[in-house]
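*Asks:* What follows is a predicted structure for the sequence shown.
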Amino acid sequence: MEAARWAVAVAADGSARYCPLTREGTAAEAPRSAADPAAALRAAPPGTRWVWRSTAEVAGALAAGVDVARCYDVEAAEAVLLGHEGAFGEPRGLPAALARLRGLPVPPDPPAPAAGDAQPSLFEDSARPVLPGGTDPLTALLEVYGAQLRRTAATEHPGRLTLLLAAESAGALVAAEMDAAGLPWRADVHLALLDELLGPAPPGGLEPRRLTELAGEVSAAFGFRVRPDLPAQVLAAFRGAGFPVRSTRSWELRQVDHPAVAPLLEYKRLYRVHTAHGRNWLRSWVHEGRFRARYVPGGAASGRWTTNGGGALQIPRVVRRAVRADPGWRLVVADAAQLEPRVLAAVSGDPALAEVAAQEGDLYAALSLRLFSGDRERAKLAVLGAVYGQTSGEGLRHLAGLRGRYPVAVRYVDEAAEAGERGRLVRTHLGRTCPPAEAGDDGLGGEVPEGGEPPSRRGAAARARGRFTRNFVVQGSAAEWALLMLAALRRSLAGTPAELVFFQHDEVIVHCPAEQAAQVAAAVRAAGEAAGRLAFGASPVRFPFTVAVVECYADAKA
DNA sequence: CAATTCGGGGGG
DNA sequence: CCCACCCCCCGAATTG
């Protein structure tokens, strides 16, 4: 059952040494040499789990199309293990890990690439930190890996943590492959969209015509010149007109009855497209028909991914029109349905909530029939209130109803919140650990509200911490499910033309020939259920997807 | 002058 | 309408 493991390490000159491993992580045979990592990766039997320092180190081989079934990313694992051990902030790099084992001074990690930087060159010797004492890279790798196996085995739930490390590694692999593939992006469609929304491109980077027109309408409505992109001016203008708004946020302006509001809201909408996804963005990020994001697996504390530049996880709906499948191909856009409440049902073990989540249908709708007389929105707000730690408003009453009917689930997040407030460690289902509160988060700094001594600044900070840890256990466990889902999907698409091209927390896009789309949709659904079984064992909770097979991303959502 | 903060938008 | 959680990114204003 357990896949054979091999290790590979890359030397400073770009050559590789590799060997099969024993169960304990030591070399089972004398290491061999290869001219480059790709040659080494081709030497092991199919299905091998490759142990390597970091997936970035072999990104070139992966981009060249070498088939790797599984991996174990030692530096990704080190970060998770350090967190589990309460050693947040320690460098995760192999040199640092080795130095810690040997009791030597710990070198810092190399700085992360800045957003605008090009992809770091693969064999940039100067960028690779030197191992302590000139240790051979494979020796160092095996020493750290063996120690990681023992550290994992010594934890309270070694099986779960092993699964998390495997999931992190799979995520690194998927991220590297998606970075290389890119999201199909039609620059011509994008430019036409910009023309349509903003007017034809003015020469020399001037303000688009439509924005100038709307700014003129705003000024005309006030009777004097107001620049819509300067909140202070807009605020003053509305106050002068007798509308005591607190900010110029869209939701607040929408309640104001004044002729400037409509053009102003339209200005904001288009200004956003212009600055964040306009021609500059297109020039910077789309090349040869693909938008290449640089995913950062585990970039958020909860384990969710972030991206390094390009804003790949914030593509506005209107811009999704430019995301098109190649001719004859389709985009399979799959969205995990009501993921967070399903995860809450699974991790908390609440039998009543699990019974609801054991259905594939809309969970909020089902919940609303049991508790909120069919009002789906109220049911959804109640669940979100529980998961986010709502403190005020109408939702609190709904939350009380939820607590009465699903006490185990609500107690689960309440306990996570209480642990956070008391400064205790909080972990996800598989064992990702919540980073500690920042020093200075204790409420001693910052301004004191007027009107004497506040009720409790420290208490406010503790409650904020509680909301964070409350959400962490759900969002973090959901991120783990998503990683396992990605890993399963990747394996089932291997060897087919289909390519994973996008991942956003609970949503994946697969680009594939039209005739493969139905099979891909089935593979996504199967991956979701497999991830649920792996992560949560015997739980009856289902993890269905909403799947759309489309030529254009914008057509995926109703 | 560059770096940081603020206000506002986007995604889940 | 917001709220409560996790993020990214922009331009302007402010600060060092």
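*Replies:* Alright, I've got the coordinates. Numbering: from 1, shown residues only, chains lettered A, B, ... in the order given.

*Asks:* Enumerate every residue touching A:A301.
*Replies:* A:C434, A:P435, A:F472 (C-beta atoms under 8 Å, 6 or more residues apart in numbering). Every residue, glycine included, has its C-beta placed from N, CA and C.

*Asks:* let's see 10 Å
*Replies:* A:G83, A:F88, A:R432, A:T433, A:C434, A:P435, A:F468, A:F472, A:Q475, A:G476 (C-beta atoms under 10 Å, 6 or more residues apart in numbering).

*Asks:* Please name the nearest non-neighbouring residue to the second one.
*Replies:* Right, A:F88. Excluding its sequence neighbours, the residue lying closest to A:F88 (C-beta to C-beta, 6 or more residues apart in numbering) is A:P435, at 4.9 Å.

*Asks:* Tell me the spacing between that neighbour and DNA strand B.
*Replies:* 17 Å (C-beta to the nearest atom of the strand, to the nearest Å).

*Asks:* Over to that residue. Which of the three states is it?
*Replies:* Put simply, A:P435 is coil when judged by DSSP: H, G, I helix; E, B strand; the rest coil.

*Asks:* on that earlier part again, out of the contacts of A:A301, which is nearest to A:L381?
*Replies:* Nearest to A:L381 out of the contacts of A:A301 is A:Q475 (C-beta to C-beta; 17.3 Å).

*Asks:* Please identify which pair of the contacts of A:A301 lies farthest apart.
*Replies:* A:F88 and A:Q475 (17.8 Å).

*Asks:* Neighbour count: these two, which is higher?
*Replies:* Comparing A:F88 with A:Q475 by other C-beta atoms under 10 Å, the one with more neighbours is A:Q475, at 22 against 14.

*Asks:* Can you read off the pLDDT for the more buried one?
*Replies:* pLDDT recorded at A:Q475 is 97.

*Asks:* now swap in A:V130 and tell me
*Replies:* A:V130 is given a pLDDT of 71.

*Asks:* Is A:L142 within a helix or a strand, and which one?
*Replies:* Element membership for A:L142 (DSSP states H and E) is helix A:137-153.

*Asks:* after that helix, next one along is what?
*Replies:* helix A:158-181.

*Asks:* Buried ones in that next one, by neighbour count?
*Replies:* A:160-181 (16 or more other C-beta atoms under 10 Å).

*Asks:* What mean pLDDT does it get?
*Replies:* 97.

*Asks:* measure the residue in chain A positioned nearest to DNA strand C to A:L381 for me?
*Replies:* DNA strand C sits closest to A:G393 of chain A, with a gap of 2.7 Å, by C-beta to the nearest atom of the strand. Look at A:G393 and A:L381: by C-beta to C-beta, to the nearest Å, they are 9 Å apart.

*Asks:* got it, and A:P158?
*Replies:* From A:P158 to A:L381 the distance is 39 Å (C-beta to C-beta).

*Asks:* A:D335 now?
*Replies:* For A:D335, the distance to A:L381 - C-beta to C-beta - is 20 Å.

*Asks:* now swap in A:A34 and tell me
*Replies:* For A:A34, the distance to A:L381 - C-beta to C-beta - is 57 Å.

*Asks:* Quick check: which ranges of the stretch 151-300 of chain A have low pLDDT?
*Replies:* Scanning the stretch 151-300 of chain A for pLDDT under 70 picks out nothing.

*Asks:* Repeat the analysis, applying 80 as the threshold.
*Replies:* A:203-205 (pLDDT under 80).

*Asks:* Please, where are all the helices along it?
*Replies:* Assigned by DSSP state H, counting those that start in this stretch, the stretch 151-300 of chain A shows helices spanning A:158-181, A:187-198, A:209-222, A:231-240, A:250-253, A:261-277, A:279-285.

*Asks:* Out of these, indicate the one that is most buried.
*Replies:* Ranked by mean neighbour count under mean count of other C-beta atoms under 10 Å, those are led by helix A:158-181, which reaches a mean of 22.

*Asks:* what separates the helix or strand A:V520 falls within from the chain centre, distance-wise?
*Replies:* Assigned by DSSP H and E, A:V520 belongs to helix A:517-536. With C-alpha atoms, centre = their mean, to the nearest Å as the basis, helix A:517-536 stands 19 Å off its chain's centre.
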